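> model this:
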Amino acid sequence: MDTYMRQSGENPDLNLNVVSHILRQAADRPGLAALSHSQGNLTYSDLAERIKRIAQGLKQAGMNQDKVAILSTNRVEFVEVFLGSIYAGCVPVPLDPKWSSREVHAVLHQCKPGIIFTEASLADRLNILKSESIVLTFSADHAGTGSYDSWLARLTPETDMEPANELLFIGFTSGTTGLPKGFMRSHASWISSLRATEEAFRLTRMEHITAPGPFVHSLSLFALMQSLYSGATFHIVPQFEAGEVLRLCERVPDMILFVVPTMIEAMLRLARSGSTNIQALISSGGRWTEASKEACKKVFCGTRLYEYYGSSEASYISYMDVYDDIRPGSVGRAFPGVEVSIRDEQFREVPIGVVGQLYIRSPMMFLGYYQRPEETAAVFRDGWLELGDYASLDEDGYLHLAGRSKNRMITGGLNVFPEEVEAVLQQLPDIQEVMVLGVPDDYWGEKITALVKWSGDGRLGLEEIKSYCRRYLAAYKAPRQIITVDEFTYTSSGKISRHVMKQMVKG
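Predicted coordinates for the structure are as follows:
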């Protein structure tokens, strides 16, 4: 029996440039606020003018489908440069401000951008590259750099630009396990994704959107583009702070939030029931626990709650309405236009309910890894994209993730996925946060170990933890060791940094 899901969806206009569509929004609704930030609003008309000015500046600088690096926190200038580069036919490369100088240099050496836009506070990381690239700072002039504002003021809007570049942008992973790896996204893939949002989440009033995570990450960058593509107002949050986000949602009714589960938990601790008028809360980027979902139903009553599973390479994969799709442990069903297939090590489809490697096929997939043809070839097979996850499908077409292949532990010769154990442990009220890993062991191969941040003064013993886990898991999957931690280290996208925590445990 085939164990894949097929959905029909609209085929996007492959020749459509994302920014061209945003400029059409500017023509239709010039006075509407495109971006809202702490200093005021930027209308669609003003944004369009700045996009065209930047395109003209890049043209004058001789940039022709070249890379444009952006090392910046969340701010209006990031958006302007990102879109202006695309309109000029160049390829923006967002860099994470939380990267080390080594990681920044590695990416810049690989991409060799002709121009770098940054903040003065971050410009020192570019010292060895200033002779190789033009560097413009968004704030006051910095030694060896030029002023973005002065550069922009000298330009006139480009009116006859006809951008032609299949490549939309190059994003990079956070680099927690090594140097960052670039993934290439096309206009067509993101247009397909943008069109899927309204259909899947039934967002009939897409007027105000915010995503308080860093723009350098796919979730927030996509939400930003979704807002501008849909003709809504995007509210820029410089950095996530739960109280500020809640106050924003109190001031602006009908807000649509794109967040990760750790942000939801922080907001739940501060929110008063019924204090905000949020239209929809859309979660991705990690497992959203059932307990947290139930709490959201009570605190954010009247808010549509959605969870989706996706990746930088695949974009949307599956989704679920928290109210309608009551299927604990599932990440929902496929998005329109997405095919899902579960296969064994020989690339043969497995029966319903059997765990195998997850493959997807859709018009939303990425083009490949930048300058890594062998790694690109390794994840594509007969048109299918391998996600690096193990999963199964049930008889109703719901997708259940077992865990990441790179996180898989082998204890006593048996496979265990930490995500499966974590999902069980997270249901215990005594546990605030948990991470499971395999610690090298002479007898077991890997000893299942749980790092636990307790929610209060109470501490559960190892035997209590084992007894609880055995209600839901095979005995060999239960932790054999508990380590208490005061705090976890997180990646810049808000997830627990497994690599850092493993290094701490293993010394």
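
> low-scoring stretches of the stretch 151-300 of the chain, by residue?
By pLDDT under 70, the low-scoring segments of the stretch 151-300 of the chain are 159-160, 162-164, 174-178, 275.

> next structured bit after the helix or strand of the chain at the bottom of the mean pLDDT ranking?
When each helix and strand of the chain is scored by mean pLDDT, DSSP states H and E, strand 4-5 comes last, with a mean of 46. For strand 4-5, the following helix or strand on the C-terminal side (DSSP states H and E) is helix 18-28.

> and the following helix or strand past that next one with helix 18-28, angle?
Remark: after helix 18-28, the chain's next helix or strand is strand 33-37, criterion DSSP H and E. Angle of strand 33-37 versus helix 18-28, following axes from the mean of the first three to the mean of the last three CA atoms, to 10 degrees, is 100 degrees.

> for strand 33-37, list the C-alpha coordinates in CSV.
Provided in CSV are the C-alpha atoms of strand 33-37 (Å, rounded to 0.1, in the frame of the first residue of the first chain):
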residue,chain,number,x,y,z
ALA,A,33,1.7,51.0,6.4
ALA,A,34,3.9,48.2,5.1
LEU,A,35,6.2,48.2,8.1
SER,A,36,5.5,49.4,11.6
HIS,A,37,8.4,49.9,14.0
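
> which residues are contacting stretch 468-480?
411-412, 414, 416, 420-421, 424-425, 428, 436, 444, 447-450, 460, 462, 465-466 (CB atoms under 8 Å, 6 or more residues apart in numbering). Bear in mind the C-beta positions are built from the backbone N, C-alpha and C, glycine included.

> what's the answer for stretch 363-378, then?
9, 11-12, 110-111, 166-167, 170, 181-186, 188-190, 192-193, 196, 312-316, 335, 337-338, 380, 385-386.

> mark which of these are part of strands, please.
Secondary structure defined by DSSP state E assigns 167, 170, 182-186, 315-316, 380, 385-386 of those to strands.

> now, of those residues, which are buried?
For the ones in strands among the contacts of stretch 363-378, a burial check counting by 16 or more other CB atoms under 10 Å picks out 167, 170, 182-186, 315-316, 385-386.

> need those residues in CSV with distance to residue 273, can you?
Compiled in CSV, these are given as follows (distance: CB to CB, whole Å):
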residue, distance to residue 273
167, 46
170, 43
182, 44
183, 40
184, 44
185, 39
186, 43
315, 34
316, 31
385, 42
386, 43
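
> what's the closest of these to residue 70?
residue 170 (11.1 Å; CB to CB).

> the closest one reaches residue 184, doesn't it?
Yes: Residue 170 is in contact with residue 184 according to CB atoms under 8 Å; the separation is 5.5 Å.

> go through stretch 93-108 and flag the buried ones.
Buried positions in stretch 93-108, judged by neighbour count with 16+ other CB under 10 Å: 93-97, 99, 103-108.

> before we move on, back to that, quick check, nearest of the ones in strands among the contacts of stretch 363-378 to residue 282?
Distances from residue 282 to these, taken by CB to CB, are shortest for residue 316, at 11.1 Å.

> excluding residues flanking it in the chain, which one is nearest that closest one?
residue 335 (4.3 Å; CB to CB, 6 or more residues apart in numbering).

> which residues sit in contact with that neighbour?
So residue 335 contacts 7, 9, 196, 200, 308, 316-319, 362, 364 (CB under 8 Å, 6+ apart).

> could I get the pLDDT score of it?
On the pLDDT scale, residue 335 is placed at 94.

> got it, and residue 37?
94.

> ok, the one 3 residues further on next?
Each residue has a pLDDT score; the one for residue 40 is 91.

> show me where the stretch 1-150 of the chain has helices.
18-28, 44-60, 76-87, 101-111, 148-153 (DSSP state H, counting those that start in this stretch).

> the ones you listed: which one's closest to residue 406?
Short answer: helix 101-111, nearest of those by CB to CB, at 19.5 Å.

> for that closest one, list the C-alpha coordinates in CSV.
Extracted C-alpha coordinates of helix 101-111, given in CSV (Å, rounded to 0.1, in the frame of the first residue of the first chain):
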residue,chain,number,x,y,z
SER,A,101,33.6,36.3,13.7
ARG,A,102,34.9,32.9,12.4
GLU,A,103,31.5,31.9,11.2
VAL,A,104,30.9,35.4,9.6
HIS,A,105,34.2,35.3,7.8
ALA,A,106,33.7,31.7,6.6
VAL,A,107,30.3,32.6,5.0
LEU,A,108,31.6,35.9,3.5
HIS,A,109,34.7,34.1,2.1
GLN,A,110,32.4,31.5,0.5
CYS,A,111,29.9,34.0,-1.0
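
> what angle sits between it and strand 182-186?
50 degrees.

> what is helix 101-111 packed up against?
Using 3 or more CB pairs under 8 Å, 6 or more residues apart in numbering; DSSP states H and E as the contact test, the elements touching helix 101-111 are strand 67-71, strand 91-95, strand 182-186.

> report the distance from the last one to the chain centre.
Going by CA atoms, centre = their mean, to the nearest Å, the spacing between the C-alpha centre of strand 182-186 and its chain's C-alpha centre is 13 Å.

> what's the angle between it and strand 91-95?
Going by the same axes, to 10 degrees, strand 182-186 makes 140 degrees with strand 91-95.

> strand 182-186 pairs with which strands?
Strand 182-186 pairs in its sheet with strand 167-172 (antiparallel), strand 368-369 (antiparallel), by DSSP bridges.

> what's in contact with it?
Here strand 182-186 makes contact (CB under 8 Å, 6+ apart) with 93, 107, 110-111, 166-173, 312-313, 366-372.

> how about the first one?
When contacts are taken as CB under 8 Å, 6+ apart, the neighbours of strand 67-71 outside the stretch itself are 58, 78, 81-82, 85, 90-95, 97, 104, 107-108, 111-119, 122, 125-126, 133, 170.

> repeat that for stretch 30-43.
Contacts of stretch 30-43 (CB under 8 Å, 6+ apart): 25-26, 44-48, 50, 75-76, 79, 228, 231, 233-236, 238.

> ok, the residue in the chain sticking out farthest from the centre to residue 411 distance?
Ranked by distance from the centre of the chain (CA atoms, centre = their mean), the top residue is residue 443, with 38.6 Å. With distances taken as CB to CB, to the nearest Å, residue 443 is found 10 Å from residue 411.

> returning to that earlier point: which of the buried residues of stretch 93-108 lies closest to residue 248?
For the buried residues of stretch 93-108, the nearest to residue 248 is residue 97 (21.9 Å; CB to CB).

> quick one: that closest one and residue 78 touch, right?
No: using CB under 8 Å, residue 97 makes no contact with residue 78, being 10.4 Å away.

> what do those two both touch?
Shared contacts of residue 97 and residue 78, counting by CB under 8 Å, 6+ apart, come down to residue 72.

> helix, strand or coil for the residue farthest from the centre of the chain?
Using DSSP: H, G, I helix; E, B strand; the rest coil, the structure places residue 443 in coil.

> can you read off the pLDDT for it?
pLDDT at residue 443 comes out at 78.

> cool, and residue 27?
94.

> just residue 373 next, same as before
For residue 373, the predicted pLDDT is 95.

> returning to what we had before: return the most buried member of the strands paired with strand 182-186.
strand 167-172 (a mean of 23; mean count of other CB atoms under 10 Å).

> return the distance of stretch 285-297 from the chain's centre.
18 Å.

> just stretch 403-412 next, same as before
23 Å.
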